[in-house]
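Visitor: sequence first, predicted model second:
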Amino acid sequence: MTGFPTEATAFPPGFTVDVFAAAFEASPTPMVVTDPRRDDNPIVWANGAFLGLTGYGRDELYGHNCRRLQGPATDRATLAALREAIAQGRAFECELLNYRKDGTPFWNGMTVNPVRDADGAILYFFSAQADMTHKHRLEAAMRDTNGALEREVGERTADLRFALEQKTALLHEVDHRVKNNLQVISSLMLLKARRTPPGEARDALQAMAERIGALSTAHRMLYSEGDAARFDVSAFADDLIADLAAAHEACAARVETEVEPLALPAAMAAPLALMLHELAGNAFRHAFPGGRAGRVRVSARRDGAGMELVVEDDGIGLSAGVPNPTGFGRMLVEMVVRQLRGTIAWSEAAPGTRAAIRVPLPAEAAP
Amino acid sequence: MPEVRPASGEALRILVVEDEVLIALELECLLEDLGHVSVGVASASAEAIALGRSTAPDVALVDIHLIDGPTGVEVARALSADPRTTVVFMTANAKRIPPDFAGAVGVIAKPYSERTVASALDYVARCRSGHGPSGETLDGFCLAPGAAG
């Protein structure tokens, strides 16, 4: 295809070359025509919009090569590609930094294409332009904004990371101190117990040291895995009951634990530890006098919106047991159950004693 | 008081490296109750290393945080260089222990129970006498990677 009118592309009657020229002249799109057959491919025609864009008059453009519009920051590689396309008679598209007559630069988005005669020989090059300065300015502004945003995000992230590191370090420090202090308190109690003659005072000290031991077990289980907010009640109960059984190795009763794995909130650890310690401890201490055999069973399972925890033994039972002069252990259990907003039912299990505790669980406590 | 023999039959000579005086004192009483012998208590790293050299204990129970800072790790490294000494960390700060355990065979987590200390020492005694470990679960006592079996 040469671009010259054929029958199919012929103008309608009355649409003369003059009309066509008038349309081009009046077009808001800057246009220019160069003649490659003349020396240095000079401009031979430009429309009003082109004059408006470049600031030059026709007399300043006609007869001159388009390089008149170039300047110091015009991209050499794009120019070379444009020149090569013209030399090969190919169409070309690019955005080039050009300069107006007054020296101000503008981004010129242009298409250049050859105009051929009926035999295909190149007569002219036709080029339409568009001022892309605004687009380039927007792009540059966008790049700046993005850069600034990225810097800001980077700074914020660094701040947050630092704060998180501080928080983690603080948590470790506090955890370490709590554990160490529990050890010191426990050691203090036991040391005093060792130096106290056998009797009520010594027993009380020993019992307190054991309760602190139960709290210590609770604390040791917390934070030992990733989640600082929850603990697994199953491993927790096994550990606690094994400790208790070892502390009462004189008791011949067998221990059974059957605790479902439930992830409970960390705040429940200490109360549960105290409660289990009192209930199971009582069974070991009082239910099997004189080397009597039997079993102590601790079970816990999810029950609807709560947890049911049962500590039972087949020992001598509540009524037959030596009445505890202070009933401190039982009071402790009832206080803890109240703190957990639960209920406790004591019963004679014939034989033995059974304590069934129901405590509500937060909805998200999951296996 | 009748002499108590430890479960494994062998009384261990034990060095306690601990900066909390109360914990150290109580631990010594506990070790005695379990039928072991304390060769001394050190509360700082230099003291611990010197005491280790002069007494060559069977076991060193080493806290990470000592009077001169978190120096328990280097104490463990120095003490475990002597093949006669088995090092066990005893700390509330297990996260400070390096991946290679600085030559220690394991860690007793604080706060510990008497049972944990007893079973950890029993484990060490069995290993030292050439018997395999009892296979019993060791709550609150974690073995160093590669120390088991």
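Guide: Okay, I see it.
Visitor: what is the burial count for residue A:57?
Guide: The tally of other residues near residue A:57 (other CB atoms under 10 Å in any protein chain shown) stands at 11. C-betas here are computed from N, CA, C, even on glycine.
Visitor: nearest residue to it in space, please, no chain neighbours.
Guide: The shortest distance from residue A:57 to any non-neighbouring residue, by CB to CB, 6 or more residues apart in numbering or on different chains, is to residue A:51 (6.6 Å).
Visitor: give me the neighbour count for the one you found.
Guide: 17.
Visitor: which secondary structure elements does the strand or helix carrying it contact?
Guide: Counting by DSSP states H and E, the element that carries residue A:51 is helix A:48-54. Using 3 or more CB pairs under 8 Å, 6 or more residues apart in numbering or on different chains; DSSP states H and E, the elements in contact with helix A:48-54 are strand A:31-34, helix A:58-61, strand A:122-131.
Visitor: which residue is nearest the middle of the chain?
Guide: Let's take chain A. residue A:157 (11.5 Å; CA atoms, centre = their mean).
Visitor: meant chain B, my bad for not saying
Guide: Note: chain B centre (CA atoms, centre = their mean) maps to residue B:61, 2.5 Å.
Visitor: mind listing what's buried in stretch A:93-104?
Guide: A:96-99 (16 or more other CB atoms under 10 Å in any protein chain shown).
Visitor: please disregard the earlier target; I meant stretch A:268-285.
Guide: Under 16+ other CB under 10 Å, the buried positions of stretch A:268-285 are A:268-285.
Visitor: that one near chain B at all?
Guide: No - for stretch A:268-285, no contact with chain B is found by CB under 8 Å from any CB of the partner chain; the gap never falls below 11.6 Å.
Visitor: write out the residues of chain B neighbouring chain A.
Guide: B:20, B:22-23, B:25-27, B:29-30, B:65, B:92-93, B:95, B:109-115, B:118, B:139-140.
Visitor: repeat that with 7 Å
Guide: Contacts of chain B with chain A, taken as CB under 7 Å from any CB of the partner chain, map to B:20, B:22-23, B:25-26, B:29, B:92-93, B:95, B:109-111, B:113, B:115, B:139-140.
Visitor: please name the nearest non-neighbouring residue to residue 56.
Guide: Using chain A here. residue A:101 (5.0 Å).
Visitor: wait, chain B
Guide: Nearest non-adjacent residue to residue B:56 (CB to CB, 6+ apart): residue B:84, at 5.0 Å.
Visitor: check what pLDDT that neighbour gets.
Guide: We have a pLDDT of 94 for residue B:84.
Visitor: is it true that residue B:118 touches residue B:36?
Guide: No - look at residue B:118 against residue B:36 with CB atoms under 7 Å: they stay out of range, at 9.7 Å.
Visitor: average pLDDT for the helix or strand containing residue A:243, rounded please.
Guide: Element membership for residue A:243, per DSSP H and E: helix A:233-247. For helix A:233-247, mean pLDDT is 85.
Visitor: for stretch A:338-358, same thing?
Guide: 89.
Visitor: what is the end-to-end distance of it?
Guide: 11 Å (CA to CA, to the nearest Å).
Visitor: quick one, what contacts the residue nearest to residue A:56?
Guide: A:54-56 (CB atoms under 7 Å, 6 or more residues apart in numbering or on different chains).
Visitor: related to what we said a few turns ago, which one, of the helices and strands packed on helix A:48-54, ends up nearest to residue A:140?
Guide: strand A:122-131 (15.4 Å; CB to CB).
Visitor: adjacent strands (with direction) for the closest one?
Guide: Strand A:122-131 has these partner strands in its sheet, going by DSSP bridges: strand A:31-34 (antiparallel), strand A:105-116 (antiparallel).
Visitor: I'd assumed residue B:53 was in contact with the residue nearest to residue B:56.
Guide: No - counting by CB under 7 Å, residue B:84 sits too far from residue B:53 to count as a contact (11.1 Å).
Visitor: who are the packing partners of the lowest-mean-pLDDT helix or strand in chain B?
Guide: Here the helix or strand of chain B ranked lowest by mean pLDDT, DSSP states H and E is strand B:141-143, holding a mean of 84. If contacts are counted by 3 or more CB pairs under 7 Å, 6 or more residues apart in numbering or on different chains; DSSP states H and E, strand B:141-143 sits against strand B:106-109, helix B:114-128.
Visitor: now those as JSON lines including mean pLDDT and distance to residue A:74?
Guide: Output for the helices and strands packed on strand B:141-143, formatted as JSON lines (pLDDT from 0 to 100; distance: least, CB to CB, whole Å):
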{"stretch": "strand B:106-109", "mean pLDDT": "91", "distance to residue A:74": "72"}
{"stretch": "helix B:114-128", "mean pLDDT": "88", "distance to residue A:74": "80"}
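Visitor: helix or strand: which one has the residue nearest to the centre of chain A?
Guide: helix A:133-194.
Visitor: that helix: what's the following helix or strand?
Guide: helix A:200-221.
Visitor: quick revisit: out of the contacts of residue A:101, which end up buried?
Guide: A:54, A:56.
Visitor: can I get the helix or strand residue A:19 falls within in PDB? Just the C-alpha atoms.
Guide: Applying DSSP H and E as the criterion places residue A:19 in helix A:17-26. The C-alpha trace of helix A:17-26 is given here as PDB (Å, rounded to 0.1, in the frame of the first residue of the first chain):
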ATOM      1  CA  VAL A  17      -7.200  18.700  -1.700                       C
ATOM      2  CA  ASP A  18      -7.800  22.300  -0.500                       C
ATOM      3  CA  VAL A  19     -10.500  21.000   1.900                       C
ATOM      4  CA  PHE A  20      -8.100  18.400   3.100                       C
ATOM      5  CA  ALA A  21      -5.300  20.900   3.600                       C
ATOM      6  CA  ALA A  22      -7.700  23.200   5.500                       C
ATOM      7  CA  ALA A  23      -8.700  20.300   7.800                       C
ATOM      8  CA  PHE A  24      -5.000  19.600   8.600                       C
ATOM      9  CA  GLU A  25      -4.200  23.200   9.100                       C
ATOM     10  CA  ALA A  26      -7.100  23.600  11.600                       C
END
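Visitor: what's it in contact with?
Guide: A:31, A:47-48.
Visitor: let me know the secondary structure of residue B:99.
Guide: Under DSSP: H, G, I helix; E, B strand; the rest coil, the three-state class of residue B:99 is coil.
Visitor: and it, how far from chain A?
Guide: For residue B:99, the distance to chain A equals 17 Å [CB to the nearest CB, to the nearest Å].
Visitor: mind checking the SS state of residue B:22?
Guide: helix.
Visitor: got a list of what residue B:65 touches?
Guide: Contacts of residue B:65 (CB under 7 Å, 6+ apart): B:19, B:72, B:93.
Visitor: my bad, residue B:42
Guide: B:15, B:17, B:48, B:51.
Visitor: is it bridged to anything, and to what?
Guide: residue B:17.
Visitor: related to what we said a few turns ago, any idea how far residue A:110 is from the residue nearest to residue A:56?
Guide: According to CB to CB, to the nearest Å, residue A:101 and residue A:110 sit 18 Å apart.
Visitor: just give me the neighbour total for residue A:257.
Guide: By other CB under 10 Å, neighbour count at residue A:257 equals 19.
Visitor: residue contacts, it?
Guide: Residue A:257 touches A:237-238, A:241, A:298, counting by CB under 7 Å, 6+ apart.
Visitor: in a markdown table: those residues, plus neighbour count and distance to chain B.
Guide: What follows is these, written out as a markdown table (neighbours: other CB atoms under 10 Å in any protein chain shown; distance: CB to the nearest CB, whole Å):
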| residue | neighbour count | distance to chain B |
| --- | --- | --- |
| A:237 | 24 | 12 |
| A:238 | 17 | 8 |
| A:241 | 23 | 10 |
| A:298 | 23 | 16 |
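Visitor: which pair of the residues you listed spans the longest distance?
Guide: Across these (CB to CB), the longest gap, 9.2 Å, separates A:238 and A:298.
Visitor: where does pLDDT dip in the chain?
Guide: Since no chain was named, I'll use chain A. Confidence mapping of chain A against pLDDT under 70 gives the ranges A:1-5, A:8, A:224-226, A:318-326, A:364-367.
Visitor: ah, no, chain B please
Guide: Using pLDDT under 70, chain B drops low at B:1-9, B:132-139, B:147-149.
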